[in-house]
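> would you be able to build a 3D model of this:
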Amino acid sequence: MLKKCLTTAVLAGVALGAAAQTKWDLPSAYPISNFHTENLMQFIADVDKNSAGKLKIQAHPNASLFKAPEIKRAVQSGQVQAGEVILNNFENENPLFGLDGVPFLATSYTDAFKLYRAQK
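Here you go, the predicted structure:
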């Protein structure tokens with residue numbers, strides 16, 4: 001999944017042209033020390049490296065730009081270029097979004113990946 005997201009982000013940056021640096025805002029509801037944000041910061045570093053610095057992503061952790069329930073709509077409406085959301089927060093839109101939030105359904109990263117593939 002990270003590889004697919006990274007590829008999409010890099011391709012989007014390349015498609016915007018090699019002439020100028022592109023900057024994106026990426027809101028997250030989690031504090032900087034949370035593992036979600038730590039993973040997000042690694043993703044941003046990977047995009048920077050793989051785009052040769054042509055795509056710069058500015059993280060906005062701790063709901064400093066948008067609160068958690070607002071992030072998805074902010075991306076959809078073009079207020080920001082990317083955002084981090086936990087899909088089970090949107091279970092009311094599609095019941096499948098809630099599966100990975102069921103306690104003990106997936107108890108390891110391996111099980112979580114299997115669940116992800118089944119949900120797709």
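> run through the protein and note the low-pLDDT ranges.
1-19 (pLDDT under 70).
> now with 90, please.
1-21, 86-90, 96-101, 112, 115-116, 118-120 (pLDDT under 90).
> from the contact counts, what lies against the lengthiest helix in the chain?
Ranked by residue count, the top helix of the chain under DSSP state H comes out as helix 35-50. Counting contacts by 3 or more CB pairs under 8 Å, 6 or more residues apart in numbering; DSSP states H and E, helix 35-50 packs against helix 2-15, strand 55-60. C-beta: built from backbone N, CA, C; applies to glycine.
> show me what the last one is packed against.
Right, the one you point to is strand 55-60. Using 3+ CB pairs under 8 Å, 6+ apart: strand 55-60 touches helix 2-15, strand 22-27, helix 35-50.
> what angle sits between the longest one and strand 55-60?
If you take axes from the mean of the first three to the mean of the last three CA atoms, to 10 degrees, helix 35-50 sits at 160 degrees to strand 55-60.
> can you check the shortest one too?
Direction vectors for strand 22-27 and strand 55-60, defined by the same axes, to 10 degrees, enclose an angle of 20 degrees.
> and the spatially most central residue of the chain, what element?
Residue closest to the average C-alpha location in the chain (CA atoms, centre = their mean): residue 84, at 3.8 Å. Using DSSP states H and E, residue 84 maps to neither a helix nor a strand.
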